[in-house]
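Enquirer: What follows is a protein structure lacking sequence information:
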């Protein structure tokens, strides 16, 4: 089958993208104009500045929150888990003790792999690219990430790539357009492109990513000439090309942005803010009007110093006034209502708390958690289309470079532990605390201590917070030994050394009786 050029693929799919670009540019104009500039922009293009800043502030705030949720600092956002079926089979072959030892060794090795992958994220500064991608997602609804075999992350704006998906939402075609300097091209292609003597400062480089069977085929061309060095292929689950979307809409190749959902409020706020700013500027202008038929002369007023005594009548002089206070107040009230809605939508905490003299910390926590939980849908799609593919691509890249051991695919699988999973653990933690607090109020702390298994509660609380409990929480045996030691110390303080010797001999005798008799 003849391979279609990357430029032709880009041109064919470009027409299906225009409506999404128009909406994205409209949303970008009211928030961050540089995220998706107008068509035909250059380095000298002057972007329009919005009259209101809540759109830009909201996008930056929400992007920062999502960045911390998806790539938390100093903590892995994923965990490599062992398949339970394979583990049970190993236990059956090696015995219970051997299976537990195997599991302990595997978990230790997997923990080292997790730290290595997170170190790669820190060293290559992936958070910078992810933050840019999140702003693209929130405003335009689409972005494309590229993870090369070496170096950091590349982010493509929606006007620089096209994508095609099947009815299930799986990616089938990707094409990108880049403007590069000719010196960046391989020498053989550079000579072929400019053999006619036409020396240009830049040229368009097209990249195509096409799905065939269970792999992606990648190739590039410039001016219709295929670059042989660029040809390659990747498994579907390890592709370095990650097309992201904010929302999944059945039958559409592209997503819709978060800002698009509030475009009406942003447009209304922009118009009202513009009217009030321009009206306030007009109202701030001071004009003195002098009666032409009066005794006061305009020149006398203009040339008089401050505090001077001049001849005239105050009835001849008046000041121009707009008398639009009530109209401005209506616009200001409407603006405040719209701004409050947008602040809740963009999780601006300054507007989350109610306006009152006494606001409890519990109110702040509950309101913030309620708003952040509303982003669960976004966490879901990003965990499947961003976090999991990112982990697979990074591990594949590190395997190729020999910086990571190859793990068995059927036994070890990555699991995301942030986003929706973190929200679920946070809800579990809140329910645990509410249960204990309510029980203590109703039946008292003594009854809680009598009926609640404290050790199990500590384990559940640590799990909800994502903390490993191994070596942290004492086991039943350790608690029993500590109790015995405390009892012996107490007896020693009361009875002295003979009592300790008697108890030690009694303990040794009981251990010898419990020990199995060797045949």
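Expert: All right, it came through fine. Here the structure is a predicted model, which means the values were calculated and not measured. Numbers count the residues shown, from 1 in each chain.
Enquirer: tally of neighbours for residue 37?
Expert: 16 (other Cβ atoms under 10 Å). Using the backbone N, CA and C atoms, a C-beta is placed for each residue, glycine as well.
Enquirer: What does it show for phi and psi?
Expert: With angles defined as degrees, to the nearest 10, residue 37 sits at phi -70, psi 170.
Enquirer: Find the residue closest to it in space, skipping its chain neighbours.
Expert: Nearest in space to residue 37, with sequence neighbours left out and distances taken as Cβ to Cβ, 6 or more residues apart in numbering, is residue 45 at 6.3 Å.
Enquirer: Same check on residue 211?
Expert: residue 172 is the one closest to residue 211 (Cβ to Cβ, 6+ apart), at 4.8 Å.
Enquirer: elements contacting the strand or helix carrying the one you found?
Expert: Assigned by DSSP states H and E, residue 172 belongs to strand 171-180. When contacts are defined as 3 or more Cβ pairs under 8 Å, 6 or more residues apart in numbering; DSSP states H and E, strand 171-180 sits against helix 6-14, strand 161-165, strand 203-212, strand 241-245.
Enquirer: quick check: angle from the first one to strand 203-212?
Expert: Inter-element angle recorded for helix 6-14 and strand 203-212: 80 degrees (by axes from the mean of the first three to the mean of the last three Cα atoms, to 10 degrees).
Enquirer: what phi and what psi does the backbone show at the residue nearest the centre of the chain?
Expert: Closest to where the C-alpha atoms of the chain average out (Cα atoms, centre = their mean) is residue 66, at 2.6 Å. Per-residue torsions, residue 66: phi -70, psi -40 (degrees, to the nearest 10).
Enquirer: Would you mind measuring from it to residue 227?
Expert: 36 Å (Cβ to Cβ, to the nearest Å).
Enquirer: Next: residue 164.
Expert: The value you get for residue 164 to residue 227, if Cβ to Cβ is used, is 22 Å.
Enquirer: Equivalent analysis for residue 238, please.
Expert: 22 Å.
Enquirer: can you check residue 260 too?
Expert: Plainly put, residue 260 is 37 Å away from residue 227 if you go by Cβ to Cβ.
Enquirer: Which one of these two is surrounded by more residues?
Expert: A count of neighbours by other Cβ under 10 Å puts residue 260 above the other of residue 260 and residue 227, at 21 against 18.
Enquirer: hey, where'd the helices end up in the stretch 101-250 of the chain?
Expert: Secondary structure of the stretch 101-250 of the chain (DSSP state H, counting those that start in this stretch): helices located at 126-140, 187-193.
Enquirer: Tally up the residues packed near the nearest residue to residue 174 once chain neighbours are set aside, please.
Expert: With Cβ to Cβ, 6+ apart as the criterion, residue 174 has its nearest non-adjacent residue at 3.9 Å, and that residue is residue 209. Neighbour count for residue 209, taken as other Cβ under 10 Å: 27.
Enquirer: Residue 401: what's it in contact with?
Expert: When contacts are counted by Cβ atoms under 8 Å, 6 or more residues apart in numbering, residue 401 touches 149-150.
Enquirer: Give me the pLDDT value at it.
Expert: Among the per-residue scores, residue 401 holds a pLDDT of 81.
Enquirer: Extract the residue ranges of the stretch 51-200 of the chain that are flagged as low pLDDT.
Expert: 74, 85-88, 90-105, 195-200 (pLDDT under 70).
Enquirer: Strands of that one, residue ranges please.
Expert: Along the stretch 51-200 of the chain, the stretches classed as strands by DSSP state E, counting those that start in this stretch are 78-82, 142-146, 154-156, 161-165, 171-180.
Enquirer: For the shortest one, buried residues please.
Expert: Which is strand 154-156. For strand 154-156, the buried set under the neighbour-count rule, 16 or more other Cβ atoms under 10 Å, comprises 155-156.
Enquirer: Quick one: distance of it to the chain centre.
Expert: How far strand 154-156 lies from its chain's middle: 16 Å, per Cα atoms, centre = their mean, to the nearest Å.
Enquirer: quick one: strands adjacent to it?
Expert: With DSSP bridges as the test, strand 154-156 is paired with strand 142-146 (antiparallel).
Enquirer: what's the angle from the strand it pairs with to strand 161-165?
Expert: Using the same axes, to 10 degrees: strand 142-146 against strand 161-165 is 100 degrees.
Enquirer: Quick check: which of the helices of the stretch 101-250 of the chain is buried the most?
Expert: Ranked by mean neighbour count, the helices of the stretch 101-250 of the chain are led by helix 126-140 with a mean of 23 (mean count of other Cβ atoms under 10 Å).
Enquirer: Could you report the neighbour count for the residue nearest to residue 37?
Expert: Around residue 45 there are 11 other residues, counting by other Cβ under 10 Å.
Enquirer: Same question for residue 212.
Expert: Residues contacting residue 212 under the criterion other Cβ under 10 Å number 10.
Enquirer: what bridges to it?
Expert: On the basis of DSSP bridges, residue 212 is bridged to residue 215.
Enquirer: Who is the closest residue to residue 386 other than its chain neighbours paired with across the strands?
Expert: Nearest residue to residue 386, sequence neighbours excluded (Cβ to Cβ, 6+ apart): residue 244, at 5.6 Å. Here residue 244 shows beta-bridge partners residue 143, assigned using DSSP bridges.
Enquirer: surely residue 244 meets residue 141?
Expert: No - Residue 244 lies out of contact with residue 141 (Cβ atoms under 8 Å); the separation is 9.3 Å.
Enquirer: Quick check: neighbours shared by these two?
Expert: Overlap of the contact sets of residue 244 and residue 141 (by Cβ under 8 Å, 6+ apart) consists of residue 255.
Enquirer: the more surrounded of the two?
Expert: Higher neighbour count among residue 244 and residue 141: residue 141, with 25 against 21, using other Cβ under 10 Å.
Enquirer: Tell me the spatial nearest neighbour of the more buried one, not counting adjacent residues.
Expert: Per Cβ to Cβ, 6+ apart, closest to residue 141 is residue 257, 3.6 Å.
Enquirer: Show me which residues of stretch 49-60 are buried.
Expert: Applying a neighbour-count criterion of 16+ other Cβ under 10 Å, one finds 50-52, 54-60 buried in stretch 49-60.
Enquirer: Contacts for it, please.
Expert: 29-33, 135, 138-139, 259, 266, 269-270, 273-274, 277, 339, 342-343, 345-348.
Enquirer: again, only this time at 6 Å
Expert: Stretch 49-60 is contacted from outside by 30-32, 135, 138, 266, 269-270, 273-274, 277, 339, 342, 346, using Cβ atoms under 6 Å, 6 or more residues apart in numbering.
Enquirer: which among the residues you listed end up buried?
Expert: 30-32, 135, 138, 266, 269-270, 273, 339, 342, 346.
Enquirer: now for these, which pair is the farthest apart?
Expert: Within those, 135 and 273 form the most distant pair, 22.0 Å apart (Cβ to Cβ).
Enquirer: looking at the sheet around the closest residue to residue 110 other than its chain neighbours, what are its partners?
Expert: Nearest non-adjacent residue to residue 110, counting by Cβ to Cβ, 6+ apart: residue 80, 4.1 Å away. Note on residue 80: beta-bridge partners by DSSP bridges are residue 414.
Enquirer: Next up, the contacts around residue 80.
Expert: Applying Cβ under 6 Å, 6+ apart, one finds that residue 80 lies in contact with 110, 412, 414.
Enquirer: one more time with 10 Å, if that's ok
Expert: By Cβ atoms under 10 Å, 6 or more residues apart in numbering, residue 80 lies in contact with 106-107, 109-111, 113-114, 117, 391, 395, 407, 411-415.
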